[in-house]
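Colleague: could you look at this predicted model? Sequence included:
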Amino acid sequence: MTSSLTDGAAPQPSAAAQPPTKNTEDTKGGKPGLFRLLLKDPFATVSALVLIFVGLTALIGPPLMGELATKQNLLFANKAPFTFAHGWEYFLGSDSLGRSMLARLVVASRTTLSVALPAVAIALLIGSLWGVWAGYHRGWRENVSMRIADVILSFPSLLLAVVVLYIFSPSAANIVLILALTRIPIYLRTARAESAELQSRTFVDAARTFGAKPNAIIVRHVIPVVLPTLLTLATLEFCAVMLAESSLSFLGIGIQPPDVSWGLMVSQGRQYLQTAWWLSIFPGVAIVITTIAANVLAAWLRIATDPAQRWRLALPRKRLIARIPVKEAKP
Amino acid sequence: MAEPLLTIEGLTKTFHVAKSASGNTKLKALDGISLTVGRGETLGLVGESGCGKSTLARTLMMLETPDEGTVSFEGTNPFGLRGKELLGWRRRVQMVFQDPFASLNARMSAGDIIAEPWATHRSLYPTSRERDARVRELLHMVGLRPSDARKSPQEFSGGQRQRIGIARALALNPDVIILDEPVSALDLSVQAQVLNLLNELQRELGVSYIFISHDLTVVRHVADRVAVMYLGRIIETGQTEEVFDHPRHPYTAALMSASPKLDVSGAKRDRIVLKGELPSPLDPPSGCRFRTRCWQAQDICAKVSPEPQVITAPDGRRHSAECHFPLDSLKGLTGAAASAL
Amino acid sequence: MKTAAEQAPATAAAHAGTSAAQAKAHDVVLQVQDLAVDIRTHRGTIRAVNSVAFEARAGETLALLGESGCGKSMTAKALAGIMDPVCDLADGQIVLNGTDLAALTPKERLKFAGPELGIVFQDALTALNPVYTVGTQLGEAFRIHRGLNAKQARLEAIDLMKRVGIPEPESRVNSYPHQFSGGMRQRILIAMAVALNPSLLIADEPTTALDVTVQAQIMQLLRTLREEGQMAVILITHDLAVVAEEADSVAVMYAGNVVESGPVAEVFADPRHPYTKGLLESVPVHLERGAELNSIPGSPPELHDIPPGCVYQSRCPMVQAICRAERPALRPVTPPVSGAGAADGAGLTPAQDSRAITPISAEGRPVRAAACHFSEEISNG
């Protein structure tokens, strides 16, 4: 059928000039390695290393240092940090019971991640899918979803947590669920807004004209575009969830001692801020560093997965900001 | 005229909008549209923004559901079809969109974009080897290289993107392609390339086009027949030369006259410059929709909505216009105008 | 405020020696020479506009014709002094009524060029501020440059709205931009541009976003205003037909360079640059329906990738070795009748200097110029 046509069209490729190659590295090997692109950005590389370090600590730290974290030694109570005088385990100081801060931080990392990660993941999964679905279909589905989100958001989440965790036991699983539930609307709203905008785009219309089913369009066209935004949001939420967990601990319905989390350590150390600042500052710093690293990496990932923006990563950072020229007056 | 492949009759579409200044909430975007498209024919659809030509395209693609009217494609009415039969209709009518940037998903490669329809129509090219071969073939047909399949849309220029859009529309081997302003976003020199490609494809594949455009020069070049739309109605339709050279409806005449001409002789021509602007489709004028801007409007125009009058030219070409007082540049006027007075 | 208003005409007079308002028909109002604009980007500095030269005359329309990305809008912004922060005026003179705008400080330029130069943008909705009434926005120019108070400025605004044909100006002066239709908004924008009776009006694709019937109205309005005020109009467009109908002379731009200029009727009847010729042949007129159009192959070069030598070489059907080696300067071309004499100074001996030779007007008429090594051959073949 097309043999004669292809003959007719044959001169066209030569006639159509070479497409402008935006990024020579991009075009050569098909997709550029994400890894190589990562190494080009020092901030993202450091962030990735930090996250790997935190992850490994949570994974292999507790078996190694678990005993140390619970070992009380009143001789070494409330020792100031940054000295090897009391041995390496007290380099980051000790608490009022003489437990090693370093060991407690390491042990707490696992508890923290095992509460915050599932809570963020569950909220992200449910909130995003729900929001994308509601935004794509508009109409009553959207309205009902948004009202539900409003109700959850307007209800004081701490009160909800208190009620639920008093009725049920404050187990880790319950904490995860209640934290996830209160954070769902955040993803729901963002996903709905983006999806509602996307469903009116021309390429979505094009997919409809082939007869593609709504769910297929959502999977193929909506989610890949929305996902980077939601992932960035999730890293920000990571910080919020860790702090929420710490306030639950403060009320005595969060992580229960002798288990320990960074949030719990912050709240427990708060009363000693004037005498032993390191008790709450170190776990606080751990939360901040983890969150910032996750956030930087998410911001990078957002650009790296967007083919229209990927070229930005190949540039030196400072040059993106243009300065306003000041023209000298000529006599 | 060629044997009718697609027949549209009395298509009406009303949108409900938030309250307008006049308190009217009904926007009649299409008001009784009747058209036919023959096999291998190009129908030009001309009109200004807001006249309903894009709504008509979207309705034919079943992105909108009409309130009234039927579409018949070789005897079947697609509205009311479901499942497999509906997919069958969708396969035969495809669309090329105006904006070559917005209509391609930037996160997919050119090859994936062209192959996307087959994700829904799996039976067409069941194996991935067949699909790859067909993508290469389609790329070749639209004048791109097979190696372009792996590139993402932003590596292409506007004209090349539109070629990808055309390849995607061809992927399901349709009988009718709706071209919604396919070249208006392109530069002039590239526009000519794409028009040549469309002409060539039509010759080779025998596909019918519904060519929507506001550029009269382009429509005259590609269309066999042309339909002029104004405020949701088709006010004049006929063979392209007939409509362009002997417009019967004052609006058509004004449109032709207002469109700038590339005339190197430098002779100044008299132009009809219409007064005022397109009335809001929320509050269309009573009677004839064009009367508020028409220089020969009479009392009757405000009261009675004109019926289409078929005018037969001496050489047998037929041509219909919706006007009480069609411009009489030709003989063979019907007596309707006189009797209505 | 008052002193600024008084100073502006004084500066103008000092520089120019003539009163700008009393320009006679066909006087040169604006002369642009060797204009070059650089954009600073992540890929380094890009020359977006390169040695552009043209003249605009009172009561006449000069069209800057070109495809997207050819630098025509950048040129307009450079003339008006409203370039993006990443752009620099790298070279050239912009002589408006005898004053070189490029040599002025931004402050002096604002004082002088504000009343002398008006600009109309393509997108009337974004060019107007949605939170102020059109009366306020129209009156702004009078308050700043003439020191009028709000009441006087409002009266001037109503007067302006009458001039540009907006019905019922007394009541509509207090309306907001969104309450007007696209065509009416464009009229308001034109009114703002001509408020201070400028001697030069730059219209950047003024009708591209409008429907044909409204486009005809706006073009008619621009013509009327041009006649009334003896303004020089620079019309920036990509539409050949608009140029043919509206302009007296034309400068065709490609990849940041003027490749051909001269009176419209002559340029379109007898193009001397292969790009102009290719563009004219791309328009489907006087052709059998469905006949092959003479399209220009390929697409324009990216600005950061303009080859040395002729800017059009990659798409030119008659490209030679010399076109790749040397960039042809914009130089006067003679009418086809005296073709033998013209070949002496042209053809295969291109100018050493790659900068533009400004087309000099002869007896008050713009001279035809083209930037091609083989402009004579194009006319013959």
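Modeller: Cool, the structure landed.
Colleague: any idea of the mean pLDDT for stretch B:84-96?
Modeller: Across stretch B:84-96, the average pLDDT comes to 86.
Colleague: ok, now stretch C:241-256?
Modeller: When pLDDT is averaged over stretch C:241-256, the result is 91.
Colleague: would you tell me which residues of the stretch 251-381 of chain C are close to chain A?
Modeller: C:295, C:297-299, C:302, C:305, C:314-315 (CB under 8 Å from any CB of the partner chain). (C-beta placed from N, C-alpha, C; glycine too.)
Colleague: swap in 10 Å and give it another go.
Modeller: Residues of the stretch 251-381 of chain C lying near chain A by CB under 10 Å from any CB of the partner chain: C:295-302, C:304-305, C:314-315.
Colleague: filter those residues down to the buried ones, ChimeraX style.
Modeller: Selection of buried members from these for ChimeraX, criterion 16 or more other CB atoms under 10 Å in any protein chain shown:
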select /C:295,296,297,298,299,300,301,314,315
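Colleague: wait, which of the residues of the stretch 251-381 of chain C next to chain A is closest to C:F121?
Modeller: Set against C:F121, the nearest of these by CB to CB is C:P300 (23.0 Å).
Colleague: what score does the closest one have for pLDDT?
Modeller: 83.
Colleague: same question for C:C87.
Modeller: At C:C87 the predicted local confidence, pLDDT, stands at 84.
Colleague: just checking, it touches C:T75?
Modeller: No: the pair C:C87 / C:T75 is not scored as a contact, 11.1 Å apart, by CB atoms under 10 Å.
Colleague: so between these two, which is more surrounded?
Modeller: Neighbour count, other CB atoms under 10 Å in any protein chain shown: between C:C87 and C:T75, C:T75 has more, with 28 against 20.
Colleague: my guess is that one meets C:L62, correct?
Modeller: No: applying CB under 10 Å as the test, C:T75 and C:L62 come out as separate, 11.3 Å apart.
Colleague: anything in contact with each of those two?
Modeller: The contact sets of C:T75 and C:L62 overlap at C:32, C:54, C:202, C:234, C:236, C:251 (CB atoms under 10 Å, 6 or more residues apart in numbering or on different chains).
Colleague: filter these down to the ones in strands?
Modeller: Members of the shared contacts of C:T75 and C:L62 lying in strands (criterion: DSSP state E): C:32, C:54, C:202, C:234, C:236, C:251.
Colleague: in a markdown table, list those along with neighbour count.
Modeller: Below are these laid out as a markdown table (neighbours: other CB atoms under 10 Å in any protein chain shown):
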| residue | neighbour count |
| --- | --- |
| C:V32 | 26 |
| C:F54 | 25 |
| C:I202 | 26 |
| C:I234 | 28 |
| C:I236 | 23 |
| C:A251 | 29 |
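Colleague: which neighbours do C:C87 and C:T75 share?
Modeller: C:37, C:48-49.
Colleague: only whichever of these are buried, select them in PyMOL.
Modeller: Filtering the shared contacts of C:C87 and C:T75 down to the buried ones (16+ other CB under 10 Å) takes a single PyMOL command:
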select buried, chain C and resi 37+48+49
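Colleague: now, which of the shared contacts of C:C87 and C:T75 lie within strands?
Modeller: The subset of the shared contacts of C:C87 and C:T75 located in strands under the criterion DSSP E comprises C:37, C:48-49.
Colleague: name all residues that make contact with residue 293.
Modeller: Going with chain A. A:A293 sits next to A:43-44, A:46-54, A:235 when contact means CB under 10 Å, 6+ apart.
Colleague: not quite, I wanted chain C
Modeller: Listed by CB under 10 Å, 6+ apart, the contact set of C:L293 reads B:189, B:191-196, B:199, B:221, C:281-284, C:287.
Colleague: cheers, nothing more for now.
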